[in-house]
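In: next come a sequence and a model predicted from it.
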Amino acid sequence: MQPIAKRVSKLGTENAFNVGALVAGLERQGKKVYKFHIGQPDFPTPQNIKNAAIEALHANMTGYTEPAGIYELRQACAEYIAKTRKVEVSPEEVVITPGAKPIIFAAAFVCVERGDEVVYPNPTFPIYESVIEVNGGRAVPLRLNEETGFRFDHEELKAKVKKGKTKMIMINSPANPTGSILDENDLKLVRDLAVDNDTLVFSDEIYDQIIYEGEHRSVLSLPGMKERTILLNGHSKTYAMTGWRLGYGVMPKEIADKVIRLGINIYSCPTSFVQKAGVEALRGPQDSVAVMRDEFRRRREVVVKALNEMKGVKCQMPKGAFYAFPNVKGAMRRLGMKKAIELQEKLLYQKEVSILSGTYFGKYGEGYMRFSYDTTMADIEEGLKMMRERIEGK
């Protein structure tokens, strides 16, 4: 008997968690590891948000809720998106989920037929390719070029979107792992191609409040896009709530109804008291968001400067999120390494520095590494020192 279905072979993973397990093993041996592999803010969840959850628990809010999420939270999400994207959104177009990943899976499960093509950025969050493939779609990578600030080439996107074949275009801005941001012309091209070829757009905007210059732009704001856009957002990054598992999607009601049904089959409903915390996050004081963003900006300057001072390393200044994506090809050549994962392993086991190979985010990530500057400045400075020692052979 073969107990595992063949389709499971197409299921990818998020290697940041796998590296985290290796780090935990080293820490159990008493070693100090400088952790730059995981993508979560090192700040505590703001106290007012924690208090809202505690109050909900004391009020015995521990039962099931509506599968789509409590109305109060869906309304708060709708109000936030309507205000920031300048488009009308109703609570019936919002689905609350335990974390944002269910929205990614649901978008593919509900909308992508077997054989449908989905154009997605590469390098990018690895779960995109995973859910496309496991749901029977054909993942079509769209290269993000260092030369264009890790944005896509317009002519390449035009060539990859095909009428009758392309079911969905996936975008992520601000982007993981590159920290890049799509500009107005990029978004307009996505809109034009989606409308002309009758495709959906999946827009991951989870880092929308971690932008260092200017304001966030969304494809949802463009004319004709509300009826064909699935927008992903959540509380993990903006409010330092990764472990709370709270995300949401905004989408046409026809799609939302099916996403809700899928949720009933998997998790019944989001956690009740966590949703009350989510309401407070959106409607309460926002001071903590600015404080966190300013600290990330300060760390960004230190990280990029230090990386660019290392032999064989060059790094662009990220415009959003909290990741640097240095080009380490020169360092790899000097060290006789052919793959970035070799450098990743040497840094971890010889210098106790955990940083991720760019190939964990797709084939076009070879020769790059993702550095998460979501830890203390002291650890950043010491970890960069250790990294430089190994790269320069000291």
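Out: Looks like it came in fine. Please read these numbers as outputs of a predicted model, since none were measured by experiment.

In: outside of stretch 368-382, which residues touch it?
Out: Outside of stretch 368-382, the residues that reach it under the criterion C-beta atoms under 8 Å, 6 or more residues apart in numbering are 34-42, 123, 146, 177, 296, 298-300, 302-303, 306-307, 322-328, 340, 343-344, 355-358, 360-361, 383. Every residue, glycine included, has its C-beta placed from N, CA and C.

In: now a ChimeraX select for only the buried ones of those.
Out: What follows is the ChimeraX syntax for the buried subset of the contacts of stretch 368-382, where burial is set by 16 or more other C-beta atoms under 10 Å:
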select :34,35,36,37,38,39,40,41,42,123,146,177,296,299,300,303,306,307,322,323,324,325,326,327,328,340,343,344,355,356,357,358,360,361,383
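
In: taking the contacts of stretch 368-382 one by one, which sit in helices?
Out: When DSSP state H is applied, the contacts of stretch 368-382 are split such that 296, 298, 299, 300, 302, 303, 306, 307, 340, 343, 344, 383 fall in helices.

In: give me the distance between the first one and residue 374.
Out: In this structure, residue 296 and residue 374 are separated by 8 Å, where distance is defined by C-beta to C-beta, to the nearest Å.

In: what residues are shared contacts of those two?
Out: residue 322.

In: now for the closest residue to residue 238 other than its chain neighbours: which residues touch it?
Out: Nearest residue to residue 238, sequence neighbours excluded (C-beta to C-beta, 6 or more residues apart in numbering): residue 209, at 4.6 Å. Applying C-beta under 8 Å, 6+ apart, we find residue 209 in contact with 216, 237, 238, 289, 293.

In: present the residues you listed as CSV; the columns should include secondary structure and distance to residue 95.
Out: Output for these, formatted as CSV (DSSP: H, G, I helix; E, B strand; the rest coil; distance: C-beta to C-beta, whole Å):
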residue, secondary structure, distance to residue 95
216, coil, 21
237, coil, 19
238, coil, 18
289, helix, 23
293, helix, 27
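
In: narrow those residues to just the buried residues.
Out: Among the contacts of residue 209, those classed as buried by neighbour count (16+ other C-beta under 10 Å) are 216, 237, 238, 289, 293.

In: can you lay out those as JSON lines showing pLDDT and distance to residue 82?
Out: Output for the buried ones among the contacts of residue 209, formatted as JSON lines (pLDDT from 0 to 100; distance: C-beta to C-beta, whole Å):
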{"residue": "216", "pLDDT": "97", "distance to residue 82": "14"}
{"residue": "237", "pLDDT": "98", "distance to residue 82": "21"}
{"residue": "238", "pLDDT": "98", "distance to residue 82": "17"}
{"residue": "289", "pLDDT": "98", "distance to residue 82": "19"}
{"residue": "293", "pLDDT": "98", "distance to residue 82": "22"}
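
In: for those residues, which one is nearest residue 194?
Out: Nearest to residue 194 among those is residue 216, at 19.4 Å by C-beta to C-beta.

In: state the distance from the nearest residue to that closest one once chain neighbours are set aside to residue 238.
Out: Here the nearest residue to residue 216 in space, its sequence neighbours aside, is residue 208; by C-beta to C-beta, 6+ apart that works out to 4.5 Å. Spatial separation of residue 208 from residue 238 under the definition C-beta to C-beta is 8 Å.

In: ok, residue 153 next?
Out: Taking C-beta to C-beta as the measure, residue 153 falls 30 Å from residue 238.

In: also residue 293?
Out: Computed with C-beta to C-beta, the distance linking residue 293 and residue 238 is 9 Å.

In: got any residues that touch both of the two?
Out: By the contact definition C-beta under 8 Å, 6+ apart, residue 293 and residue 238 are jointly contacted by 209, 210.

In: now distance to residue 336 too, for the buried ones among the contacts of residue 209, in a markdown table please.
Out: Formatted as a markdown table, the entries for those read as follows, by distance: C-beta to C-beta, whole Å:
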| residue | distance to residue 336 |
| --- | --- |
| 216 | 43 |
| 237 | 37 |
| 238 | 42 |
| 289 | 45 |
| 293 | 40 |
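
In: go ahead and confirm residue 221 touches residue 85.
Out: Yes: taking C-beta atoms under 8 Å as the definition, residue 221 is a contact partner of residue 85 at 4.7 Å.

In: residue 158: which of the ones in helices among the contacts of stretch 368-382 is nearest?
Out: Taking C-beta to C-beta as the measure, residue 340 is the one of the ones in helices among the contacts of stretch 368-382 closest to residue 158, at 30.0 Å.

In: pop out the phi and psi values for the nearest residue to residue 246 once chain neighbours are set aside.
Out: Nearest in space to residue 246, with sequence neighbours left out and distances taken as C-beta to C-beta, 6+ apart, is residue 235 at 4.5 Å. Here is the backbone geometry of residue 235 (degrees, to the nearest 10): phi -100, psi -10.

In: who's in contact with residue 235?
Out: Going by C-beta under 8 Å, 6+ apart, the list of residues near residue 235 reads 241, 244, 246, 247, 278, 281.

In: over to residue 292?
Out: Residue 292 makes contact with 41, 43, 210, 240 under the criterion C-beta under 8 Å, 6+ apart.

In: let's go with 6 Å and repeat that
Out: Residue 292 sits next to residue 43 when contact means C-beta atoms under 6 Å, 6 or more residues apart in numbering.

In: who's more crowded, residue 221 and residue 85?
Out: When neighbours are counted by other C-beta atoms under 10 Å, residue 221 and residue 85 differ, and residue 85 comes out ahead with 24 against 17.

In: nearest residue to residue 296 in space, please, no chain neighbours.
Out: Residue nearest to residue 296 in three dimensions, not counting chain neighbours: residue 322, with 4.9 Å by C-beta to C-beta, 6+ apart.

In: from residue 352, how far off is the one you found?
Out: Distance from residue 322 to residue 352, by C-beta to C-beta: 21 Å.
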